[in-house]
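Peer 1: Predicted model, plus sequence, below.
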Amino acid sequence: MNISLNSLRQSYWFAPSITVLILAAIIFGVPLFMDIKPIYLWTDRLIFILVAGIIYLAAYIRRKPHLRTPWSYVFQSRRALISIVILSIYALLGLLDSIHYQKPLSSDNNETHYSVELFSSLDVVLGHLHERVEKTYSAPFASNLFAKETLADAEGKQYRDYPRLEYGGRHLDKPDEQLMSDIASKSLEGLANGLVTSIIIVLLVLLMIKTTRQKSMFLAWQGLRHSRSFYSLRIVLMTAVVLILMASTIWELSFYYHVFGTDKVGQDVLYLSIKSIRTGLVIGTLTTLVMLPFAILLGIMAGYFRGWVDDVIQYLYTTLSSIPGVLLIAAAILSIQVYMANHPELFESARDQADLRLLALCVVLGITGWTGLCRLLRGEVLKLREMDYIQAATAFGVGHFTIIGRHLLPNVLHIILIMVVLDFSGLVLAEAVLSYVQVGVDPSTISWGNMINGARLELAREPMVWWSLIAAFVFMFTMVLAANLFADAVRDAFDPRLNRSTT
């Protein structure tokens, strides 16, 4: 019994299973102790399944030296470590925004009524940004509305001026004189809070090093600063400290000002930019899950079986590639939209319709985006099938699908991994372009594409409303740049022809 229990604990899937069960208990169990109604959208469920799959995959890679070694090179790259920290923050915000619930309104006859509005765990963290809604546009760090209105003085005389904001800069008596000095003081307070937080994190890391390496705090500090063995940890800490200082400053200012201004209906643009992260991640990750089965299965089959199988698959992806992608996506999305409009009884709320449209967009993008990876895999498998070990396996009568699973798939895994990371950034940009031409996500869904599309109509104003466009660009550019840098590091690590020295 003890032997079987020990072997069970040593299995690669034991620890990730415990982790997944703990996460599931938190997600599904916590609402039972709170007076809220949990809501599980289709995209939420798929995201949780994806997270569980990543946990199992990480555990599997740790047990396989041929997979663990390339990843060790990835985690020694400076640009990869910085990118991982940034992408981890984006992923954390996206996961928090995927835990949805409805607040209770009233109870009668032992029946609780819940609000129609859907909230997420991220809304709890950003509650002050979500609730502080102005009348209309206001510029970043402004204390007045962006447009003049007709006002009345104490004597009832009307005049034209910029009204004071409901929340932004409301604590200032004389904004014209106090604004810059107040922003500077609040920024210093945020930097001080971030510095204290950073020091606490560094001390905790030093304490961990002291405990595990049996060193004094001073030697742990010297090792963290200079030792090559702590290179990765040092880069991660430096990146985290910089991001904490920036985030703490913006966080402190967000309680007193609209850091990125407000949009047409008065919503905080910083709040909208952060909420758009989930949409970008859903488009990038779920589309990849739809695309991979088509690309892997058809690409390997075309290269391995050749003959009429290769001809049929080539005809299929050549025909699909010949159709303009935007037109195909637009036709599919419009068809789904017509179906939802004709069958409203299938959806409980407009939020369910918006979520289904987001999921449908992922499916359509996945079906139309698998051709590039399929071509690459076909060409690689055509080369691999002529290798001696493949020919030997065929001569010994090994089954075709056994050869594909044990010999071909592991040898094209690096191509799949590199293309997945590269396609992720392209899909995030594709959502912005499709929403810009109004065939992307539902207009009620908060996304960078919808923010850019809304800002497009205001660029002709005089003076120009520019901050929604800039905010969406900054957040989207940061995530796409981090994904591309991470993809470069993965390519360098998995390509044996390139130098794997850290950069």
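Peer 2: Everything's here; your move.
Peer 1: which residue ranges form the strands in the stretch 351-500 of the chain?
Peer 2: Per DSSP state E, counting those that start in this stretch, the stretch 351-500 of the chain carries no strands over any range.
Peer 1: Where does the prediction get shaky in it?
Peer 2: For the stretch 351-500 of the chain, applying pLDDT under 70 flags the ranges 495-500.
Peer 1: residue boundaries of the helices in it?
Peer 2: Secondary structure of the stretch 351-500 of the chain (DSSP state H, counting those that start in this stretch): helices at 371-384, 388-395, 400-403, 409-436, 448-456, 467-494.
Peer 1: Flag every buried residue along the fifth one.
Peer 2: Pointing back at helix 448-456 there. 448-455 (16 or more other C-beta atoms under 10 Å). In short, each C-beta sits where N, CA and C put it, glycine included.
Peer 1: Name the residues that touch that helix?
Peer 2: By C-beta atoms under 8 Å, 6 or more residues apart in numbering, the residues outside helix 448-456 that reach it are 263-264, 269, 272-273, 276, 279-280, 428, 431-436, 438, 440-441, 443, 465-466, 468-469, 471-473, 475-476.
Peer 1: quick one: least confident helix or strand in this structure?
Peer 2: helix 2-10 (a mean of 58; mean pLDDT, DSSP states H and E).
Peer 1: any idea which helix or strand comes after that helix?
Peer 2: Following helix 2-10 in sequence order, the next helix or strand is helix 14-29 (DSSP states H and E).
Peer 1: what mean pLDDT would you report for that next one?
Peer 2: For helix 14-29, mean pLDDT rounds to 82.
Peer 1: Leaving out sequence neighbours, find the closest residue to A220.
Peer 2: In this structure, A220 finds its nearest non-sequential neighbour in I209, 4.2 Å apart by C-beta to C-beta, 6 or more residues apart in numbering.
Peer 1: swap that for Y162, please
Peer 2: Excluding its sequence neighbours, the residue lying closest to Y162 (C-beta to C-beta, 6+ apart) is N144, at 3.8 Å.
Peer 1: Count the neighbours of the one you found for me.
Peer 2: Using other C-beta atoms under 10 Å, N144 has 17 other residues around it.
Peer 1: what's the pLDDT at it?
Peer 2: 86.
Peer 1: can you check the one 10 residues further on too?
Peer 2: The score at A154 is 73. That number is its pLDDT.
Peer 1: Then H226?
Peer 2: Note for H226: predicted pLDDT of 81.
Peer 1: just G190 next, same as before
Peer 2: Reading off the model, G190 has pLDDT 93.
Peer 1: For it, what is the enclosing helix or strand?
Peer 2: Going by DSSP H and E, G190 is part of helix 175-213.
Peer 1: Helix or strand next in line after that helix, which one?
Peer 2: Later in the chain than helix 175-213, the nearest helix or strand by DSSP H and E is helix 217-226.
Peer 1: what packs against that following helix?
Peer 2: Taking 3 or more C-beta pairs under 8 Å, 6 or more residues apart in numbering; DSSP states H and E as contact, the helices and strands that helix 217-226 lies on are helix 175-213, helix 231-254.
Peer 1: ranking those helices by burial, who's on top?
Peer 2: helix 231-254 (a mean of 18; mean count of other C-beta atoms under 10 Å).
Peer 1: So for the helix or strand just after that helix, what gets flagged as buried?
Peer 2: On the C-terminal side of helix 231-254, the nearest following helix or strand under DSSP H and E is helix 269-305. By 16+ other C-beta under 10 Å, the buried positions in helix 269-305 come out as 269-292, 294-296, 298-304.
Peer 1: What backbone torsions are found at the residue nearest to Y162?
Peer 2: Main-chain torsions, N144, degrees, to the nearest 10: phi -130, psi 160.
Peer 1: Tell me which residues of stretch 34-53 come out buried.
Peer 2: The neighbour-count check on stretch 34-53 (16+ other C-beta under 10 Å) flags 36-37, 39, 41, 43-44, 46-48, 50-52 as buried.
Peer 1: Kindly list the main-chain dihedrals of Y257?
Peer 2: phi -140, psi 160.
Peer 1: For it, report the pLDDT, please.
Peer 2: So, for Y257, pLDDT stands at 91.
Peer 1: I'd like to know how many residues surround it.
Peer 2: Using other C-beta under 10 Å, Y257 has 27 neighbouring residues.
Peer 1: Next up, the contacts around it.
Peer 2: Residues in contact with Y257 (C-beta under 8 Å, 6+ apart) are 140-143, 168-169, 183, 186.
Peer 1: And those residues, which is closest to F494?
Peer 2: P140 (42.3 Å; C-beta to C-beta).
Peer 1: From G261, how far out is that closest one?
Peer 2: According to C-beta to C-beta, to the nearest Å, P140 stands 5 Å off from G261.
Peer 1: can you list the residues that contact stretch 81-101?
Peer 2: With contact meaning C-beta under 8 Å, 6+ apart, stretch 81-101 is reached by 27, 31, 36-41, 43-44, 47-48, 51, 75, 118-122, 125, 232, 235-236, 239-240, 243, 274-275, 277-278, 280-282, 478-479, 482-483, 485-486, 489.
Peer 1: element containing the residue with the largest distance to the centre of the chain?
Peer 2: Largest separation from the mean C-alpha position in the chain: E155, at 54.1 Å (C-alpha atoms, centre = their mean). According to DSSP H and E, E155 maps onto no helix or strand at all.
Peer 1: contacting residues around it?
Peer 2: Residues counted as contacts of E155 (C-beta under 8 Å, 6+ apart): none.
Peer 1: quick one, phi/psi of it?
Peer 2: The phi/psi pair for E155 (degrees, to the nearest 10) is phi -90, psi 0.
Peer 1: do D44 as well
Peer 2: Per-residue torsions, D44: phi -60, psi -50 (degrees, to the nearest 10).
Peer 1: Per-residue pLDDT of the closest residue to it other than its chain neighbours, please?
Peer 2: Spatial nearest neighbour of D44, excluding adjacent residues (C-beta to C-beta, 6+ apart): S98 at 4.8 Å. With respect to pLDDT, S98 has a value of 89.
Peer 1: And S107, by the same measure?
Peer 2: Here, the pLDDT recorded for S107 equals 63.
Peer 1: quick one on the thing from earlier: for the helix holding G190, packing partners?
Peer 2: helix 217-226, helix 231-254.
Peer 1: Buried ones in the first one, by neighbour count?
Peer 2: When burial is assessed from 16+ other C-beta under 10 Å, helix 217-226 yields the following buried residues: 220-221, 223-224.
Peer 1: biggest separation within those, which pair?
Peer 2: The span of the buried residues of helix 217-226, defined through C-beta to C-beta, is set by W221 and G223 at 7.3 Å.
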